[in-house]
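> Got a predicted structure plus its sequence, pasted below:
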Amino acid sequence: MEVLVTKEQIARRVNELGYDITCFYEGKPLTVVILMNGALLFGADLVRTIRQPLRWEAFICSSYHNDSSSGELVIRCDLKNPVKERHVLIVDDVLDTGLTLKAVKENMERRGALSVRTCVLLNKNVDGKLFMSPDWTGFEIPDRYVVGYGLDSNEDFRNLPYIAAKE
């Protein structure tokens, strides 16, 4: 595997994102919705760098099966607390087409969130990206299948401390 983003680069960028997000949401009721399982490590590190009161939720959904997109969003575990009258920041691991992020964003809007913004660890440069762009991005990467720092290949490699392209 080829390392694309090192552990040190990830730590530095997560701190920068946390600072920017803190400034943006200062004094606002914030709920961070972490898309599981892939964004677990990124989301956990990110919420610890946001320097203001917040709530965080896990939202388990997927549009992938056997390393490829199914084109359909499946919700497997819903939020514990309502997001109505709160600002929502959706945290995801990888943005390729944007299908999953768009569907989750619309879901949060229907629940009465005051605003819904997005933060992704990795934004893939995918031809024909149709659905959306994130509000905050950790890293721009080429359109390759990646693992590590929470991202998997059939549930393997999530524990790598860096992002690597799977050959």
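Happy to help now that I have it.
> ok now do the nearest residue to Asp45 once chain neighbours are set aside, which residues does it touch?
Leaving aside its sequence neighbours, Asp45 sits nearest to Val14 (C-beta to C-beta, 6 or more residues apart in numbering; 4.9 Å). In this view, the C-beta of every residue, glycine as well, is placed from N, C-alpha and C. Counting by C-beta atoms under 8 Å, 6 or more residues apart in numbering, Val14 touches Phe42, Asp45, Leu46, Thr49, Gly138.
> mind listing what the residue nearest to Pro53 when sequence neighbours are not counted touches?
Once flanking residues are discounted, Pro53 sits nearest to Leu30: 7.7 Å by C-beta to C-beta, 6+ apart. Contact analysis of Leu30 by C-beta under 8 Å, 6+ apart lists Ile50, Gln52, Pro53, Leu54, Arg55, Arg86, His87, Val88, Leu89.
> Dump these to TSV, plus neighbour count, distance to Tyr149 and pLDDT.
Below are the contacts of Leu30 laid out as TSV (neighbours: other C-beta atoms under 10 Å; distance: C-beta to C-beta, whole Å; pLDDT from 0 to 100):
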residue	neighbour count	distance to Tyr149	pLDDT
Ile50	20	18	98
Gln52	13	25	95
Pro53	10	26	96
Leu54	18	22	97
Arg55	16	24	96
Arg86	21	27	97
His87	18	26	98
Val88	26	23	98
Leu89	28	19	98
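> longest helix in this protein, by residue count?
Using DSSP state H, we find that the single longest helix of the chain is helix 7-25.
> buried residues in that helix?
Within helix 7-25, the residues that count as buried by 16 or more other C-beta atoms under 10 Å are Ile10, Arg13, Val14, Leu17, Gly18, Ile21, Tyr25.
> Ok, stretch 84-99 next?
Buried-residue list, stretch 84-99, by 16+ other C-beta under 10 Å: 86-99.
> just curious, which of those is nearest to Gly148?
Asp93 (10.2 Å; C-beta to C-beta).
> Looking at stretch 107-126 now, give me its mean pLDDT.
Stretch 107-126 carries an average pLDDT of 94.
> do the same with stretch 144-157
94.
> Residues contacting it, please?
Outside stretch 144-157, the residues that touch it by C-beta under 8 Å, 6+ apart are 1, 4-5, 10, 37-42, 66-67, 93-94, 121-122, 124, 158, 160-166.
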